[in-house]
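1. Model the following, please.
(one chain, ligands or ions: 2)
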Amino acid sequence: MIVLGLTGSIGMGKSTAAAMFAALGCPVHSADEAVHRLYSGLAAPLIEARFPGTLAGGTVDRAALGTRVLGDAAALRDLEAIVHPLVRAEEARFLREAHEAGARLAVLDIPLLFETGGETRVDRTLVVTAPPEVQRARVLARPGMTPERFEAILAKQMPDAEKRRRADLVVDTGAGMAATQAEIRRIAAMLLLEDENKKGTGV
Ligand SMILES: CC(C)(COP(=O)(O)OP(=O)(O)OC[C@H]1O[C@@H](n2cnc3c(N)ncnc32)[C@H](O)[C@@H]1O)[C@@H](O)C(=O)NCCC(=O)NCCS
Ligand SMILES: Nc1ncnc2c1ncn2[C@@H]1O[C@H](COP(=O)(O)OP(=O)(O)OP(=O)(O)O)[C@@H](O)[C@H]1O
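-> Residues are numbered from 1 along each chain as shown. Ligands and ions are numbered 1, 2, ... in the order given. This is a model prediction of the structure:
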């Protein structure tokens, strides 16, 4: 089984690309979705203990939590120290299950893949990218997003150019849905072939 690490800065099109892999039958795990699930479960009491007042009806209020941590580097580090090990454990379980189910290509969608050294846990890395003005317009179109919040999140991420430099594969999502779809199909086919060849050599 080949494990593909899918990443890209905020609004570059990770979730959209992940959905395209899923539509091709690849098991996909999203770190953002795992975080959101954990905030209604295991992580909720841990977050409330460190950030009192951020729980609403037993679930972490992400807007409130974001406001607390985005301008405070130490607070964000504490939050990541709580959340990241739980997400890593979920990813490991997902990969075990995908392997047992006989998957040939599994995708991990991880926004902070390079920032957290995640490239060592995957076989190939794919970075989705788009021109900065496209990225900005996409993110600011989201409900509740402000230019300040966008800039604060961007400042916490490795620059897009550096991600592209490190990537094995790059997809420009600024070229539109159809072009992205075609690229994802091409990449999935290439990786499946690679897996097939690997089997042939007994690796
Ligand atoms: C800051 C929080 C509360 C904001 O919640 P919100 O619902 O507004 O955003 P959401 O979770 O959907 O994330 C949207 C995007 O923000 C960016 N982002 C999220 N966390 C971080 C972070 N710690 N550093 C840099 N960028 C981040 C990513 O591009 C992500 O795709 C939330 O993102 C969070 O709890 N982050 C800490 C956990 C984390 O590091 N998650 C990243 C994946 S493991
Ligand atoms: N290939 C594409 N072509 C055209 N529009 C796209 C493409 N990919 C994404 N978009 C648009 O950009 C927006 C952001 O995409 P998406 O949610 O996939 O980004 P993301 O990288 O997962 O964001 P985040 O980092 O916040 O989780 C969406 O509104 C989507 O419609």
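
2. so what's the most centrally placed residue in the chain up against?
-> With distances taken as CA atoms, centre = their mean, Ile110 lies nearest the centre of the chain, 2.5 Å away. In this structure, Ile110 makes contact with 5-7, 31, 91, 116, 118, judged by CB atoms under 8 Å, 6 or more residues apart in numbering. In short, each C-beta sits where N, CA and C put it, glycine included.

3. From those residues, list the ones also adjacent to ligand 1.
-> With CB under 6 Å from any ligand atom as the criterion, those include Ala31 near ligand 1.

4. so what's Ala31 closest to, chain neighbours aside?
-> Spatial nearest neighbour of Ala31, excluding adjacent residues (CB to CB, 6 or more residues apart in numbering): Ile110 at 4.6 Å.

5. List, one by one, the residues from the protein near ligand 1.
-> So far as CB under 6 Å from any ligand atom goes, the chain lies against ligand 1 at 10, 31-32, 35, 62, 65-66, 69, 76, 79-80, 83-84, 87, 111-112, 153, 156-157.

6. Swap in 5 Å and give it another go.
-> 10, 31-32, 35, 62, 65-66, 80, 83, 87, 111, 153, 156-157 (CB under 5 Å from any ligand atom).

7. Now, these that are in helices?
-> Among the residues of the chain next to ligand 1, DSSP state H puts 31-32, 35, 62, 65-66, 80, 83, 87, 153 in helices.

8. now, which of those sits nearest ligand 2?
-> Each of those was scored against ligand 2 by CB to the nearest ligand atom, and Asp32 proved nearest at 5.3 Å.

9. That closest one contacts Asp109, correct?
-> Yes - here Asp32 reaches Asp109: they are 7.3 Å apart, a contact under CB atoms under 8 Å.
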